[in-house]
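K.L.:
Pasting the sequence and the predicted model now:
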Amino acid sequence: MSSEPADSASPASETASDSDTFDVIVLGAGPAGENAAQYAIAGSDRTAALVEHELVGGECSYWACMPSKALLRPTQVLGTATHMPGVQQHVTAEHVDVPAVLTRRDRFTSGHDDSSQVLWADAAGIDVIRGHAHLTGPRTVTVDGDHPRTLHARHAVVLATGTVATVPDLPGLRAALPWTSRDATNLQQIPRRALVIGGGVVACETATWLRQLGADEVTVVVRGPRLLARVEPFASEAVAARMQTHDVRLRFGTEVTAVTRPDVRDTGVGMIHGGPATAELTDGTTVEVDELVVATGRRAAVDHLGLHTVGLDTGNVTVDDHLTVTGGDGTWLYAVGDVNGRAALTHMGKYQARVCGDVIAARAENRPLDDPRYRAGADHGQIPQVIFTVPEISSVGHTADSARDAGLDVEVLEADIDVAGAALHRDDFTGHAALVVDRATDVLVGATFVGSEVAELVHTATVAIVGKVPLGLLWHAVPAYPTISEVWLRLLETRRP
Ligand SMILES: Cc1cc2nc3c(=O)[nH]c(=O)nc-3n(C[C@H](O)[C@H](O)[C@H](O)COP(=O)(O)OP(=O)(O)OC[C@H]3O[C@@H](n4cnc5c(N)ncnc54)[C@H](O)[C@@H]3O)c2cc1C
Ligand SMILES: NC(=O)c1ccc[n+]([C@@H]2O[C@H](COP(=O)([O-])OP(=O)(O)OC[C@H]3O[C@@H](n4cnc5c(N)ncnc54)[C@H](O)[C@@H]3O)[C@@H](O)[C@H]2O)c1
């Protein structure tokens, strides 16, 4: 049993003024920070401060999930419409209406106005404090800004500062002011020629919308042999094949070695940053483009966070399953969301935040932590993700390779998504699915679906994995006819003699 008393109130809190003392202080108001603050105080008289140096709502709301999906969805709809007799005759345009798509995107990012999020925080009893926050000692947070403040926490400080995009230190690249995902998701101008550097999710989704929104020449420089190295190979191959059909140039096994851009201008987020840029690649070729998009990954936002003031390594933050920071002194410091490096996805950050908030509340009330809800168990092998490329990829848990790397003896069941529901969905539907089954227990440990709009299929697999439902029992989970979910039947049928 894991039962820990709440740490006694900090001596500092006894001397600090009430307005500077909170039960819980959260650094960073992205989705993870918001949820941690909410759950830590819900239904109690505890107080919470949520400190944010940009916009309440975080990367996800303004520069990541929301704008990117708002850019991708209209072309999905157009794709379905143009493959639907009876509708296609009424679809006169080959491309989406770009200004209308951008206007809708801006609606989803509220024009970078976070007032509705602040209202939500007020209603939840959370004090929003503006400024850059950093630790200045145990349970002590200093907020820089026009009116610097030092805050004290009675129970907990939660780090929820997210990540920042990395830009490789290659000759000429940073000086060329390349776009990062913030520009790509908030684009105002469409570069005619674009070079996307990276082969991960940001690179693939960005290349997809750039091409769909009218960029004529999109080249993706992928240093490995395939896109999306962490998904099942059949899924990344389907995305690559579709991109190539739509004239996206995929340069596998190459890297950028240097960039020159004689005319560089800081024209603002989402605007083209000057004149043409030339990238030199490891294979000796060069590519001239109107904009570069760097999508080479992200790193934890821990710079200037004052970790050393509480005896922590300044490089990164790790947590246990209660989301308590490891290597620190006591149980007052937590980290949730992207910053802890566990699963850089909004839904996983929010999940961790719910667990963390519940743990803080339990510790504050001297309750034991022996219920599963106080452990972020889903971080270990039960992580769902949807990649909103064309075709879409949805997956949860292990791939066949990652399961074998983890030492599991697995059976892989595969089937094309070739069911009545799929054919009805659109005339050109093609898709594929795989289930990874642990032979020792006969339960699912992973699932991957690729095809048009397969996003909604993945939660079924997540429930089966979390519930450890034996495959024999899944036979009695009958998918409705005619839906795409009937692929489950096809997958299970592959086991029949
Ligand atoms: C282009 C793109 C698309 C994405 N699409 C998806 C998707 O479709 N689905 C999905 O699940 N995930 C997606 N992600 C990932 C998702 O955006 C992150 O997992 C999510 O935003 C993490 O939430 P968070 O609260 O941990 O951090 P963030 O959203 O990064 O929030 C952290 C907040 O902390 C603030 N902050 C940082 N340091 C300080 C400080 N010292 N003081 C005060 N405030 C500070 C920041 O300003 C920020 O508001 C995408 C990411 C990118 C880049
Ligand atoms: N739909 C979604 O769920 C979604 C969408 C976007 C982003 N995200 C999340 O955001 C996070 C960041 O995504 P990302 O794509 O930026 O990171 P990533 O780590 O997934 O991919 C980075 C890619 O860049 C490559 N790379 C790194 N350095 C390079 C270099 N110098 N030259 C060429 N290539 C280089 C890597 O090999 C890798 O393919 C991920 O955790 C991702 O899951 C999720």
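P.N.:
Yep, it's here. Ligands and ions are numbered 1, 2, ... in the order given.

K.L.:
residues in the stretch 51-200 of the chain within reach of ligand 1, list them.
P.N.:
Counting by Cβ under 6 Å from any ligand atom, the residues of the stretch 51-200 of the chain close to ligand 1 are 51-54, 58-60, 64-65, 68-69, 132-134, 160-163, 181, 185. Any C-beta I mention is one placed from the backbone N, CA and C, and that applies to glycine too.

K.L.:
ok, 8 Å please
P.N.:
Proximity of the stretch 51-200 of the chain to ligand 1 is assessed by Cβ under 8 Å from any ligand atom, with 51-61, 63-65, 67-69, 131-134, 143, 160-163, 165, 181-182, 184-185 identified as the residues in range.

K.L.:
Name the residues of stretch 444-456 that are buried.
P.N.:
Under the neighbour-count criterion of 16 or more other Cβ atoms under 10 Å, stretch 444-456 has 444, 445, 446, 447, 448, 449, 450, 451, 452, 453, 454, 455 buried.

K.L.:
Max pairwise distance over those: which two?
P.N.:
The two members of the buried residues of stretch 444-456 with the most space between them (Cβ to Cβ) are 445 and 452, at 26.0 Å.

K.L.:
So for this structure, which residue is the most central one in space?
P.N.:
The structure's the chain has its C-alpha centroid closest to residue 345; by Cα atoms, centre = their mean the separation is 3.0 Å.

K.L.:
related to what we said a few turns ago, min pLDDT across the buried residues of stretch 444-456, which one?
P.N.:
Per-residue confidence over these reaches its minimum at residue 453, where pLDDT is 90.

K.L.:
how close does the nearest residue to that one once chain neighbours are set aside get to ligand 1?
P.N.:
Residue nearest to residue 453 in three dimensions, not counting chain neighbours: residue 392, with 6.0 Å by Cβ to Cβ, 6 or more residues apart in numbering. As judged by Cβ to the nearest ligand atom, to the nearest Å, residue 392 and ligand 1 stand 11 Å apart.

K.L.:
Could you pull up phi and psi at residue 392?
P.N.:
Listed backbone geometry of residue 392 is phi -80, psi 150, with angles given as degrees, to the nearest 10.

K.L.:
Show me how the record splits this structure into domains.
P.N.:
Following automatic domain parsing, one finds the domains of the chain at 6-57+114-164+300-378, 62-106, 174-296, 391-493.

K.L.:
next structured bit after the longest helix seen in the chain?
P.N.:
The helix spanning the most residues in the chain, taking DSSP state H as the definition, is helix 346-364. With elements assigned by DSSP states H and E, the helix or strand that comes after helix 346-364 is strand 384-387.

K.L.:
For residue 89, the count of nearby residues, please.
P.N.:
Other residues within reach of residue 89, judged by other Cβ atoms under 10 Å, total 8.

K.L.:
What of the one 3 residues further on?
P.N.:
Around residue 92 there are 5 other residues, counting by other Cβ under 10 Å.

K.L.:
Local confidence estimate at it?
P.N.:
pLDDT, residue 92: 81.

K.L.:
still on that earlier bit, quick one: residues contacting the residue nearest to the centre of the chain.
P.N.:
Residue 345 is in contact with 383, 385, counting by Cβ atoms under 8 Å, 6 or more residues apart in numbering.

K.L.:
can you rerun that using 6 Å?
P.N.:
Residues in contact with residue 345 (Cβ atoms under 6 Å, 6 or more residues apart in numbering): none are found.

K.L.:
From residue 417, how far off is the residue nearest to residue 420 when sequence neighbours are not counted?
P.N.:
Beyond its immediate neighbours in the sequence, the residue positioned closest to residue 420 (Cβ to Cβ, 6+ apart) is residue 482, lying 3.8 Å away. Using Cβ to Cβ, to the nearest Å, residue 482 is found at 13 Å from residue 417.

K.L.:
if we can go back for a sec, could you verify my assumption that the residue nearest to residue 453 touches residue 456?
P.N.:
No: taking Cβ atoms under 6 Å as the contact criterion, residue 392 and residue 456 are not neighbours in contact, 9.8 Å apart.
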